[in-house]
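A.B. asks: Show me the folded form of this:
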Amino acid sequence: MKKMVFPLILSVLLTTLTTTSSLQAGQIVSKEFKSWARAALEGKPSAKIATAPGSVAILNFSNQTGRSDIAPLEKGLALMLAADLSQIKGIRVVDRGRVQALLDAMGLKPTASISPDTALRLGKMLGAFYVISGKIVRGRITDLKIMANLVEVPNDMLLDQPVSAGDLADLVSMQKEILFDLINAFQLALGPDQLKLLEKPISSDIDALYFLFRGIDSSDRGKYDNAAALYKKALRQDPQLAVASSALDELQVSVFRAQAPRAAAPPVKPAPAATVPKAEPSVPSAAPSTAPATSQATALEKAQPPTTESVPETKTIPEAATLPDAKTTAAGPPPPATGTPPSPAEDQKMSTGTIVAIGIGAAAVIGGIAVAAGGGGGGGDEAPPSGGGTPPPPEPVPQAPLITGVDPPAGSAVSCTAGTLVYTFDTDMDTNAGQVGVSVPDWQFTASFSDARTYVVSWDNNCPESEGPEELPATITFVFANFQDTSQTPLEGNVEFTFDLTM
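C.D. replies: Have a look, this model is predicted:
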C-alpha cells in the first residue's frame, strides 16, 4: 500500500458545515445490515455498493492497552469522529450499523487490530472513499496514545497516521486533535467559524460519554432495553448530548415501536334481523371507544432534562437512600409486599463492607475514574420491557458467576518487584465490564481478560525507593467491582483477595 502524508491546510475544498449533525439513524445493527454483510462477504452482486466520493467509513479503534476500563473507547472514539465529520457538508459518514454488521460477519472483535490492507478490503465492500481505523496503546510518558490510519480506497493509499497522547481525562482534546489532522489530510480548509463549531465536543462529561459508549455496545449485542437505559443515563449526565438522544429515538422507532403489540379491534356486533323490532334499551349502551389504547404506549420514551423526571433512574449499585419506601402516597396505598429477595447487586454490596472504599481509593491508580463514578456492570441498567398487555411469565433467575480460583492462591506471598495473578471464573464473562481496585496507594498494574473465563493482573517495579521494611505494607488486597457475565448477572461470592507482600 502506498503512503502519502499531506501538508497542512491546502486549498479550500469544502467551506460549509451543516447546522446540525446529520448523524441520526443507522446506529443499530439491523437485520437488513446483517443480511447485507453476509451477502457482501459471499461476493453477491446484489450486495455491491458503488464507491461514493466523500464517503467515510470509520472502524472501531483497537484497545491494545490491556485495560478493561478503556474498552468503551473502542467504539466510542469512532462514534465521536463520526459525529464531528457528519457535520461537514460534502462528507457522508457510512452508517455505523452497516460497518459493525460487516465487522461482526468477518469475526473482527473490537480488540482486533485492523491492518491497512484489511481496512482497504472493508472500504471496498462498504463503498467508502476513505476508511479511518486506529488503535489505543499505552504511552511512554502519558497514560494513553491514540493512533489513527486514514486510507484512500480507490487509490490504495495510506494518506496519514494522526497520533495524539494524553490521559483518560484528556479524551475530548485527544479526539479533537485526531479530527483536525484528518481534516488536513482530507485537504479541507474551513473558516474560523466552522473550525470553532467543530472544536465543540459532543460532550465534555466523561461519565455521559461512557454511558453513551456502553449503550452503543449493548445495542450492537441486541440488548436494546439495556442500551436505552444507558442512553437515558447519558442524557441525565448531559441533557445536550445529541448523539445519545438520536440513538434513543432510533431505538424507539426501529425497535420498540415495531415490537409493541397491536391493540385488538373491538368485536363487531351483528345487526339485528329486519323482522325483529328493535327494543328500546333502558340504559344507553356505551359505544366502542375509538381512542388509542393507552396500554400500547411503549415503555421507553425519549429522556428529558432532569426538570421533569418521568423515568425513575436506574443505578448500577443501589443506594439505600434512593429505595422507595412503603408509605402511602397521594396515588393510593402501597402495593402488597411480594417478598422479592434483594438483587444480586444489592447482596454483593451488603456483603462486601469496606470493598467500596478500597475500590474508590484505587480508581485513580487504574485510570478508571469515569467508570468508577458511573458504575461498570450492566446488571443495574436494565429497563422495564416495552409494550403493553399481559407481561410474560418470569424467566428463571440466572446463576450468578463466581471466581473459582486464583493462581497463586490468596494468602500466599507476592513480590513488589514483579508478579502475576490469574483469576478463573466459572462461566463466560462480559469482557467489557469490571474494574479492579488495590489497597496499596500508587500501585501500578495492568488487568485484563485473556479469554472469557480468565482474568490476569500483573505488575512490576512497585517496590519503594528506600529499602526500609516500614516502607512496604505487610499485605496487599485486590478488589473486584462491577464484573458480570455475558447475561449481565453481577459477580457474587468472594471479590476481595489478600496476599502477603514482600520485596
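
A.B. asks: Sketch out the strands for the stretch 401-503 of the chain, chain order is fine.
C.D. replies: Per DSSP state E, counting those that start in this stretch, the stretch 401-503 of the chain carries strands over the ranges 403-407, 413-415, 418-425, 435-438, 446-451, 454-460, 475-481, 496-502.

A.B. asks: Can you list the low-confidence ranges for this structure?
C.D. replies: Scanning the chain with the threshold set as pLDDT under 70 gives 1-25, 110-111, 258, 260-397, 465-470.

A.B. asks: Tell me which of the strands of the stretch 401-503 of the chain is the most buried.
C.D. replies: Comparing the strands of the stretch 401-503 of the chain by mean neighbour count (mean count of other C-beta atoms under 10 Å), strand 435-438 comes out on top with a mean of 25. Backbone N, C-alpha and C define where each C-beta goes, glycine included.

A.B. asks: other SSEs contacting it?
C.D. replies: helix 355-366, strand 475-481 (3 or more C-beta pairs under 8 Å, 6 or more residues apart in numbering; DSSP states H and E).

A.B. asks: Would you list the strands that it pairs with, along with their directions?
C.D. replies: Sheet pairing for strand 435-438, assigned by DSSP bridges, gives strand 475-481 (antiparallel).

A.B. asks: since we're on R98, how many residues are nearby?
C.D. replies: 23 (other C-beta atoms under 10 Å).

A.B. asks: same check, this time on I141
C.D. replies: 7.

A.B. asks: likewise R140?
C.D. replies: With other C-beta under 10 Å as criterion, R140 counts 7.

A.B. asks: before we move on, what about T51?
C.D. replies: For T51, the neighbour count with other C-beta under 10 Å is 13.

A.B. asks: I'd like to know how far it sits from G222.
C.D. replies: Note on T51: its distance to G222, by C-beta to C-beta, to the nearest Å, is 31 Å.

A.B. asks: all strands in the stretch 101-250 of the chain, in order from the N-terminus.
C.D. replies: Under the criterion DSSP E, counting those that start in this stretch, strands of the stretch 101-250 of the chain are mapped to 128-138, 144-152, 157-160, 163-166.

A.B. asks: So which bits of the third one are buried?
C.D. replies: Yep, that's strand 157-160 we're talking about. Within strand 157-160, the residues that count as buried by 16 or more other C-beta atoms under 10 Å are L158, L159, D160.

A.B. asks: Over to the first one?
C.D. replies: Within strand 128-138, the residues scored as buried using 16+ other C-beta under 10 Å are A128, F129, Y130, V131, I132, S133, G134, K135, I136, V137.

A.B. asks: Give me the packing partners of that strand, helices and strands only.
C.D. replies: strand 52-63, helix 73-85, helix 116-126, strand 144-152.

A.B. asks: Now with 6 Å, please.
C.D. replies: On a contact count with 3 or more C-beta pairs under 6 Å, 6 or more residues apart in numbering; DSSP states H and E, strand 128-138 meets strand 52-63, helix 116-126, strand 144-152.

A.B. asks: Contacts for that strand, please.
C.D. replies: By C-beta atoms under 6 Å, 6 or more residues apart in numbering, the surrounding residues in contact with strand 128-138 are 51, 53, 55-59, 61-65, 73, 94, 113-114, 119, 123, 145-153.

A.B. asks: what domains does the record give for the protein?
C.D. replies: 2-202, 206-259, 403-502 (automatic domain parsing).

A.B. asks: quick one, which of those domains is packed in tightest?
C.D. replies: For these, the highest mean count by mean count of other C-beta under 10 Å goes to domain 206-259, at a mean of 22.

A.B. asks: and of the strands of the stretch 401-503 of the chain, who's closest to D69?
C.D. replies: The minimum distance between D69 and these falls on strand 435-438, with 5.6 Å, by C-beta to C-beta.

A.B. asks: Keeping just the C-alphas, turn the closest one into PDB.
C.D. replies: Only the C-alpha atoms of strand 435-438 are listed here, as PDB (Å, rounded to 0.1, in the frame of the first residue of the first chain):
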ATOM      1  CA  GLN A 435     -12.600  -2.900  37.400                       C
ATOM      2  CA  VAL A 436     -10.000  -4.000  39.900                       C
ATOM      3  CA  GLY A 437      -9.000  -1.800  42.900                       C
ATOM      4  CA  VAL A 438      -5.900  -2.200  45.000                       C
END
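
A.B. asks: Of all the helices and strands packed on strand 128-138, which one comes closest to A481?
C.D. replies: strand 52-63 (19.5 Å).

A.B. asks: Just checking: what are the partner strands of the closest one?
C.D. replies: Applying DSSP bridges, strand 52-63 is found paired with strand 92-93 (parallel), strand 128-138 (parallel).

A.B. asks: Of all those strands, which one comes closest to L491?
C.D. replies: strand 128-138 (25.6 Å).

A.B. asks: Direction-wise, compare that closest one with helix 73-85 and give the angle.
C.D. replies: Put simply, strand 128-138 runs at 140 degrees to helix 73-85, going by axes from the mean of the first three to the mean of the last three C-alpha atoms, to 10 degrees.

A.B. asks: Strand 128-138 vs helix 116-126, what angle?
C.D. replies: Strand 128-138 and helix 116-126 meet at an angle of 140 degrees, taking the same axes, to 10 degrees as the criterion.

A.B. asks: mind saving the C-alpha coords of strand 128-138 as PDB?
C.D. replies: Provided in PDB are the C-alpha atoms of strand 128-138 (Å, rounded to 0.1, in the frame of the first residue of the first chain):
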ATOM      1  CA  ALA A 128     -16.300   4.100   1.100                       C
ATOM      2  CA  PHE A 129     -13.800   6.500  -0.500                       C
ATOM      3  CA  TYR A 130     -11.900   6.800   2.800                       C
ATOM      4  CA  VAL A 131     -11.500   4.400   5.700                       C
ATOM      5  CA  ILE A 132     -10.500   5.500   9.200                       C
ATOM      6  CA  SER A 133      -9.100   2.900  11.600                       C
ATOM      7  CA  GLY A 134      -6.800   3.000  14.600                       C
ATOM      8  CA  LYS A 135      -5.700   1.700  17.900                       C
ATOM      9  CA  ILE A 136      -5.200   2.700  21.600                       C
ATOM     10  CA  VAL A 137      -1.900   1.900  23.200                       C
ATOM     11  CA  ARG A 138      -0.100   2.800  26.400                       C
END
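
A.B. asks: what's the angle between it and strand 446-451?
C.D. replies: For strand 128-138 against strand 446-451, the angle by the same axes, to 10 degrees is 120 degrees.

A.B. asks: report the angle between the axes of strand 128-138 and strand 144-152?
C.D. replies: Using the same axes, to 10 degrees: strand 128-138 against strand 144-152 is 160 degrees.

A.B. asks: coming back round to it: for Y210, find the nearest of the strands of the stretch 401-503 of the chain.
C.D. replies: strand 435-438 (11.9 Å).

A.B. asks: who's in contact with K109?
C.D. replies: For K109, the contact set (C-beta under 6 Å, 6+ apart) is empty.

A.B. asks: gap between it and N60?
C.D. replies: According to C-beta to C-beta, K109 stands 9 Å off from N60.

A.B. asks: cool, and A169?
C.D. replies: 22 Å.

A.B. asks: And for L179?
C.D. replies: Between L179 and N60 the distance is 17 Å, computed by C-beta to C-beta.

A.B. asks: And for Y130?
C.D. replies: Plainly put, Y130 is 16 Å away from N60 if you go by C-beta to C-beta.

A.B. asks: Over to G90?
C.D. replies: According to C-beta to C-beta, G90 stands 25 Å off from N60.

A.B. asks: same question, Y231
C.D. replies: Distance of Y231 to N60, computed by C-beta to C-beta: 19 Å.

A.B. asks: got it, and E471?
C.D. replies: 43 Å.

A.B. asks: Check Q161 too.
C.D. replies: Using C-beta to C-beta, Q161 is found at 17 Å from N60.
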